[in-house]
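Q: no sequence for this one, just the structure:
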DNA sequence: TAATTAAGTGTAAATATCACATTAATAATT
DNA sequence: AATTATTAATGTGATATTTACACTTAATTA
């Protein structure tokens, strides 16, 4: 019988989160030092097991919240990893999720308590199991998403400068972008509010601050635009 | 304890396959009439449970082979579905896969024996569980993939005419394409071999047959091209 | 008040996309 | 043998998009 429920094998189902953040030093991911066996002391993605009464999306949200204190964060399911011995303890299938957060917003204390730490994506430690692969795939997806939705705004503080936005996109795509062309493309989308306020940290002249305009974005969304950078 | 293996709940893991095929009548999916409860007699995707010694990709391949007799088929993992009661019998998480096959190639006898049947994507019966949603998501992915890789060739016979290729893309994207612009775009990719042979079925003049040139495609692949149709 | 620093701005050339109509090859019909 | 009918094959000019590129401005500091 091909499809009998009773004879099928049950497995553990885990969720692992690739949490991206951005600050002045570039694009980062949040990793945790495992405090339990196996691989105790090594770096890993933040993760946990799916509960009986829980949907995968909820599990991902719960895990993110546990380690960062954050709610209402953009998360997206990526891929299910199922190599037989990917987890040496027991057959475990893991579904990866990625999240984008503004590094400034998270609960630093929580992160400390869990021995979690931010690492630049190009200078992260080796990870347990298949977590390196998960991260690489997440970066690919992030790049793709960036071209299709103005997803990067999740990574910036509420008010940001054009330079910050440019550098974020450069970090995500890991290539240099032409400043003028970038600005005119972004402006042509019409999804930014230019404030009267300036940020005086970065230069003598000061640079205007912007906010992301969700309403205008929702309007635009119908004609699913692409941002070719 | 957040991460203890022992306290975690195990679940059934299923694989469901969205199998796309193409013939003169357009784009189709392969569905099966369930011969077991629950929902016996209703239409469903082709699926099965993950086995203990099996990776998800292998399970998807096995399931495809069981029902179609085909091997070496392009398949891709799509998404994990985990709603609590999506399967009324028991908590089951299902990972969807999509496959592209040339309808002419499959084993028709096998399909008959399993009460499977091809349905036009726009005229398919209502499906059990969350399978309708799976199909809709698969169509979206197929559309996207089509613009990024020349994936459609999997759906055609080895030798095909430009008209067939055009109609395939029109079916996938569900919009009319300009014949001349389509041909020149496809040609500019340089991934087709024009044969000396003509297909005389479709017209008096006859139309040249083409094959897909895998070598040239692999060459091109480096500069990951996009096909904007 | 001169020097420094990053911000802000526009245009022309190249490329890609789009809309569009006629001729060519053959088989079937007379 | 000539005519008709059918689908295949082909190119161009107009428009839109993308790219490359350099100087001026505003404010602070020496």
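A: Sure, I can see it. The structure displayed is predicted, hence computed values, not measured ones. Residues are numbered from 1 along each chain as shown, chains lettered A, B, ... in the order given.
Q: So residue A:186, which state does it fall into?
A: Of the three states, residue A:186 takes helix under DSSP: H, G, I helix; E, B strand; the rest coil.
Q: Verify the stated contact: it with residue A:165.
A: Yes - the criterion here is C-beta atoms under 8 Å, and residue A:186 meets it with residue A:165 at 6.8 Å. From N, CA and C alone the C-beta is placed, and that goes for glycine too.
Q: shared neighbours of the two, anything?
A: Common neighbours of residue A:186 and residue A:165, using C-beta atoms under 8 Å, 6 or more residues apart in numbering or on different chains, do not exist here.
Q: for chain A, longest helix please?
A: helix A:131-148 (DSSP state H).
Q: Give me the helices and strands touching that helix, please.
A: With contacts defined as 3 or more C-beta pairs under 8 Å, 6 or more residues apart in numbering or on different chains; DSSP states H and E, the packing partners of helix A:131-148 are strand A:10-23, strand A:75-81, strand A:92-102, helix A:162-173.
Q: and chain A, which residues reach DNA strand D?
A: A:178-181, A:184-185, A:200, A:204-206, A:228 (C-beta under 7 Å from any atom of the strand).
Q: The same query, at a cut-off of 10 Å, please.
A: Proximity of chain A to DNA strand D (C-beta under 10 Å from any atom of the strand) is limited to residues A:176-185, A:188, A:198, A:200, A:203-206, A:225-229.
Q: Could you list the low-pLDDT ranges of chain A?
A: A:1-4 (pLDDT under 70).
Q: can you list the domain ranges for it.
A: Chain A breaks down by automatic domain parsing into domains covering A:12-148, A:156-221.
Q: so can I have JSON lines of those domains showing mean neighbour count?
A: JSON lines is the format used below for the domains of chain A (neighbours: other C-beta atoms under 10 Å in any protein chain shown):
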{"stretch": "domain A:12-148", "mean neighbour count": "18"}
{"stretch": "domain A:156-221", "mean neighbour count": "14"}
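Q: would you turn the ones you listed into JSON lines with distance to residue B:115?
A: Converted to JSON lines, the domains of chain A look like this (distance: least, C-beta to C-beta, whole Å):
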{"stretch": "domain A:12-148", "distance to residue B:115": "29"}
{"stretch": "domain A:156-221", "distance to residue B:115": "42"}
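Q: one step back: distance to residue B:155 for the helices and strands packed on helix A:131-148 - can I get that in TSV?
A: Listed next are these as TSV, based on distance: least, C-beta to C-beta, whole Å:
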stretch	distance to residue B:155
strand A:10-23	33
strand A:75-81	24
strand A:92-102	29
helix A:162-173	32
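Q: Nearest to residue B:67, out of these?
A: Closest to residue B:67 of those, according to C-beta to C-beta: strand A:75-81, at 21.6 Å.
Q: do the closest one and chain B meet?
A: Yes - Strand A:75-81 reaches chain B (C-beta under 8 Å from any C-beta of the partner chain) through A:77, A:79-80.
Q: Quick one: classify the closest residue in space to residue A:116 that isn't next to it in sequence as helix, strand or coil.
A: Spatial nearest neighbour of residue A:116, chain neighbours left out: residue A:32 (4.4 Å); criterion: C-beta to C-beta, 6 or more residues apart in numbering or on different chains. Under three-state DSSP, residue A:32 falls in the strand class.
Q: got the contact list for residue A:32?
A: A:43-46, A:67, A:114-117.
Q: Among those, which one lies nearest to residue B:101?
A: Nearest to residue B:101 among the contacts of residue A:32 is residue A:45, at 35.5 Å by C-beta to C-beta.
Q: which residues touch that closest one?
A: Taking C-beta under 8 Å, 6+ apart, we find residue A:45 in contact with A:16-18, A:31-32, A:96, A:127, A:131, A:134-135.
Q: What of residue A:74?
A: Contacts of residue A:74 by C-beta under 8 Å, 6+ apart are A:99-100, A:151, A:154.
Q: Confirm for me that residue A:35 is in contact with residue A:116.
A: No - Residue A:35 is beyond contact range of residue A:116, at 10.8 Å (criterion: C-beta under 8 Å).
Q: how about the residues of chain A near DNA strand C?
A: So chain A meets DNA strand C at A:161-164, A:166-167, A:178-184, A:187, A:194, A:198-210, A:228 (C-beta under 10 Å from any atom of the strand).
Q: Show residues contacting the helix or strand residue A:58 falls within.
A: Using DSSP states H and E, residue A:58 sits within helix A:56-68. Residues from elsewhere that reach helix A:56-68, judged by C-beta under 8 Å, 6+ apart: A:13, A:15, A:17, A:19, A:30, A:32, A:46-51, A:54, A:70-71, A:73, A:75, A:77, A:95, A:97, A:99, A:101, A:106-107, A:110-111, A:114, A:116, B:2, B:80, B:82, B:93.
Q: If we use 6 Å, what do you get?
A: Contacts of helix A:56-68 from elsewhere in the structure, counted by C-beta atoms under 6 Å, 6 or more residues apart in numbering or on different chains, are A:15, A:17, A:46, A:48, A:50, A:71, A:73, A:75, A:95, A:97, A:99, A:106, A:114, A:116, B:80, B:82.
Q: The first one: what's it in contact with?
A: Contacts were defined as C-beta under 6 Å, 6+ apart; by that measure residue A:15 touches A:47, A:59-60, A:63, A:95.
Q: nearest spatial neighbour of it, skipping sequence neighbours?
A: residue A:59 (4.6 Å).
Q: Quick check: the one you found vs residue A:46, distance?
A: With distances taken as C-beta to C-beta, to the nearest Å, residue A:59 is found 12 Å from residue A:46.
Q: same question, residue A:144
A: Residue A:144 is 23 Å from residue A:46, by C-beta to C-beta.
Q: Let's have the contacts of residue A:74 in a markdown table, adding distance to residue B:25.
A: Below are these laid out as a markdown table (distance: C-beta to C-beta, whole Å):
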| residue | distance to residue B:25 |
| --- | --- |
| A:99 | 44 |
| A:100 | 43 |
| A:151 | 39 |
| A:154 | 44 |
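Q: of all those, which two lie farthest apart?
A: A:99 and A:151 (11.2 Å).
Q: Alongside chain B, which residues does chain A contribute?
A: Neighbours of chain B within chain A, by C-beta under 6 Å from any C-beta of the partner chain: A:2-3, A:5, A:8-13, A:36, A:49, A:52, A:55-56, A:80, A:82-83, A:89-90, A:95.
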